[in-house]
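Mind looking at a prediction? Sequence and model below.
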Amino acid sequence: KQEVTQIPAALSVPEGENLVLNCSFTDSAIYNLQWFRQDPGKGLTSLLLIQSSQREQTSGRLNASLDKSSGRSTLYIAASQPGDSATYLCAVCFGNEKLTFGTGTRLTIIP
Amino acid sequence: DAGVIQSPRHEVTEMGQEVTLRCKPISGHNSLFWYRQTMMRGLELLIYFNNNVPIDDSGMPEDRFSAKMPNASFSTLKIQPSEPRDSAVYFCASSLRDRGLLNTEAFFGQGTRLTVV
């Protein structure tokens, strides 16, 4: 069964620190991987998309990496800010366009 | 583009009533997805369409759920009859599947929060 796991479920970090969120998946034959953020009561906002042929993607203070062989992706957030507080979701496209989501990491940035 | 548009944003209905959720995907996108999010089960894919054709409906929980996509700019998810356990947030998403079969980013709507009492 193709599964996506995100650990820890919750993380609290003081403002200004750099942090890493983790995502692991059970099948290395992926098409792409996408990171989203979700604010309470809101929809999902796409942050970064990594195609299977890529190793990393960057957008501003965010950097996502992909290691298919080990079944892992990380989302690095530099110089964290209170506005970064949200739930971060990893989603893997194993094929045929279907996105399988992890359960998310709820991030709190402490001012 | 205004993004993926869902309506209504909130729906409260009584058990046994029919509920219809609506979605307008991003113009030019050819894939559309319906997801359900609950605290217990997280985000679950219910059904997805490519070029208006249902490709995989294996996530639809039971026959009370049905989805249609009559054209490239509109889709509906219907629950008839509704039950309290259907209470959840329902998201619609769209993306573009190009000729190389590479998928672009999936963009999500704001969701419909359904409460069945």
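Cool, got the structure.

List the contacts of the strand or helix carrying residue A:20.
Assessed by DSSP states H and E, residue A:20 sits inside strand A:19-25. Strand A:19-25 has contacts (CB atoms under 8 Å, 6 or more residues apart in numbering or on different chains) with A:2-7, A:11, A:13, A:33, A:35, A:71-77, A:80, A:88, A:90, A:92, A:94, A:100, A:102, A:105, A:107. For the C-beta atoms, the positions are set from N, CA and C on the backbone; glycine is no exception.

repeat for stretch A:30-42
In contact with stretch A:30-42 (CB under 8 Å, 6+ apart) are residues A:23, A:25, A:44-52, A:62, A:64, A:66, A:68, A:73, A:75, A:86-95, A:97, A:99, A:104, B:101-103, B:105-106, B:108, B:110-111.

which of these count as buried?
The neighbour count (16 or more other CB atoms under 10 Å in any protein chain shown) marks A:23, A:25, A:44, A:46-50, A:62, A:64, A:66, A:68, A:73, A:75, A:86-94, A:97, A:99, A:104, B:103, B:106, B:108, B:110-111 as buried among these.

With chain B as the reference, measure out to residue A:30.
Separation of residue A:30 from chain B (CB to the nearest CB, to the nearest Å): 11 Å.

average model confidence for stretch A:55-70?
Averaged across stretch A:55-70, the pLDDT comes to 95.

Could you tell me which residues of chain A lie near chain B?
A:31-32, A:34, A:36, A:42-46, A:49, A:51, A:89, A:91, A:93, A:96-104 (CB under 8 Å from any CB of the partner chain).

pLDDT wise, what is residue 79 at?
In the absence of a named chain, this looks at chain A. 97.

if you could check chain B rather than the one you did, that'd help
For residue B:79, pLDDT reads 97.

Give me the neighbour count for it.
Using other CB atoms under 10 Å in any protein chain shown, residue B:79 is surrounded by 22 other residues.

nearest residue to it other than its sequence neighbours?
Leaving aside its chain neighbours, residue B:79 sits nearest to residue B:19 (4.6 Å; criterion: CB to CB, 6 or more residues apart in numbering or on different chains).

my guess is that neighbour meets residue B:82, correct?
Yes. With contacts counted by CB atoms under 8 Å, residue B:19 reaches residue B:82, the gap being 4.9 Å.
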